[in-house]
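Engineer: Fold the following, please.
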Amino acid sequence: MSYIDDVPVTQEPTTAPPVKDITNDGFFPEVSMPAMRSAMRLDQTVTDDRLRPALVDAILAVNRLLSEWKAGQVAAGVQKLELVDAPKVDGESQFVALYRRAVYSFAKADMFEGYRDYDTTAGALTDKKNMEWMDQAPDVQRRNGHWAINDILGRQRVTVELI
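Structural biologist: Sure, this is the predicted structure:
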């Protein structure tokens, strides 16, 4: 306790606001949890404590998949993804938009899988279409993530199904 003019002064505990951005490696951009929630339509049933690890895992996966491409950019003197020469849409580099899409998609696939057991009882999901959707949703999100990565790498999109 501190004193001002012999009167005790209690200090309110200071709490730092929760960190909403996930820092990245310096080349790839930070990822905003609120922006991801908004873009991918995640409500508060997905807590920050569950979303953060999913986003961190997604960032690590996407960074790993783009590591050789990044090394080429850095070797060419480009220090940040947003500085890679690319067309801009809505004032933003297409590579930044695609990177974000890949991260968001992989994180959402992880969230879908983690929440499949949340309430998939017959009473909650009596409609067979809803069950089928829950089975396919993670794969759709992963496909979107891989397509975004392929777009960054300049590769063709390919979908293959086994018969």
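Engineer: so which strand or helix has the nearest residue to residue 107 once chain neighbours are set aside?
Structural biologist: Excluding its sequence neighbours, the residue lying closest to residue 107 (Cβ to Cβ, 6 or more residues apart in numbering) is residue 58, at 3.9 Å. To be clear about C-beta, it is placed using only N, CA and C from the backbone, and glycine gets the same treatment. Using DSSP states H and E, the element containing residue 58 is helix 48-65.
Engineer: Contacts only, for residue 138.
Structural biologist: 109-110, 112-113 (Cβ atoms under 8 Å, 6 or more residues apart in numbering).
Engineer: Please tell me how far it sits from residue 49.
Structural biologist: 20 Å (Cβ to Cβ, to the nearest Å).
Engineer: try residue 83
Structural biologist: Separation of residue 83 from residue 49 (Cβ to Cβ): 34 Å.
Engineer: what do you get for residue 77?
Structural biologist: From residue 77 to residue 49 the distance is 40 Å (Cβ to Cβ).
Engineer: ok, residues contacting whichever helix or strand comes after the helix holding residue 58?
Structural biologist: Once the chain leaves helix 48-65, the next helix or strand it forms, by DSSP H and E, is helix 67-75. Residues from elsewhere that reach helix 67-75 (Cβ under 8 Å, 6+ apart): 27-28, 63, 81, 84, 152-153.
Engineer: and if we set it to 10 Å?
Structural biologist: Residues outside helix 67-75 that contact it (Cβ atoms under 10 Å, 6 or more residues apart in numbering): 25, 27-28, 63, 66, 78-81, 83-85, 95, 149, 152-154.
Engineer: Now the buried members of those residues.
Structural biologist: Buried by 16 or more other Cβ atoms under 10 Å: 27-28, 63, 66, 81, 84, 95, 149, 152, out of these.
Engineer: what about the residue nearest to residue 107, how many neighbours?
Structural biologist: Residues near residue 58, counting by other Cβ atoms under 10 Å, number 25.
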